[in-house]
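Chemist: Pasting a predicted model and its sequence here:
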Amino acid sequence: MALEGKKAPDFSLAGSDGEQHTLQQYAGKTVVIYFYPRDNTPGCTKEACGFRDHYQTLSERGIVILGVSKDSIAAHGKFISAYGLPFPLLSDPDCSMMQAYEAFGEKTMYGKKTLGTIRSTVIVGPDGMVRKQWAKVAKAELHPDQVLAYLAS
């Protein structure tokens, strides 16, 4: 919640669509940015498919969806092809964007503390301010519905 009400950190990352993506290019639009650990893993696949299933509803309302992980563009391409994802996935290999958005840090996996990507989501408003932050997403498969409900309210 530390980012809510603050200006969203800018970024410039390569996307699976062959484009360079910056926050500035989405000025005037609502942007859902979800951070996830790894392409083609069970939780990440369920979450991506949930956003895919809501894509038409969100895009009709002018809402942009961006997925971010440290996976390569090649890995993103395979993930998109396998599951028909209609939105770009951004590659953050040095985790700079994830750190700026508090989506990288210490987490517990199988009882051990590790450093890695924290599954989280932010909604950036048309004015570039963070409207909502889910700092830790517990149930990946339910999260896209939570985002849709928030945006509908």
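Modeler: Sure thing, it's come through. Numbers count the residues shown, from 1 in each chain.
Chemist: quick one: the strands in this protein?
Modeler: 12-15, 20-22, 30-35, 63-69, 89-91, 104-109, 112-117, 120-124, 130-134 (DSSP state E).
Chemist: Quick check: neighbours of the last one in the sheet, parallel or antiparallel?
Modeler: What it means is strand 130-134. When pairing is defined by DSSP bridges, strand 130-134 lines up against strand 120-124 (antiparallel).
Chemist: Run through the helices of the chain in chain order.
Modeler: With DSSP state H as the criterion, the chain has helices at 42-60, 73-83, 96-100, 143-152.
Chemist: So for the second one, what gets flagged as buried?
Modeler: Of all the residues in helix 73-83, those buried under the rule 16 or more other Cβ atoms under 10 Å are 75-77, 79-80. From N, CA and C alone the C-beta is placed, and that goes for glycine too.
Chemist: Without its sequence neighbours, what residue ends up closest to residue 141?
Modeler: With Cβ to Cβ, 6 or more residues apart in numbering as the measure, residue 46 is the residue that lies nearest to residue 141, at 3.9 Å, once sequence neighbours are left out.
Chemist: Can you get me a residue count around the one you found?
Modeler: Using other Cβ atoms under 10 Å, residue 46 is surrounded by 15 other residues.
Chemist: now residue 54
Modeler: Applying other Cβ under 10 Å, I find that residue 54 has 18 neighbouring residues.
Chemist: Residue 72 too?
Modeler: Neighbours of residue 72 (other Cβ under 10 Å): 14.
Chemist: what does the model give the closest residue to it other than its chain neighbours for pLDDT?
Modeler: In space, and not counting its chain neighbours, residue 72 is closest to residue 91: 6.0 Å by Cβ to Cβ, 6+ apart. We have a pLDDT of 98 for residue 91.
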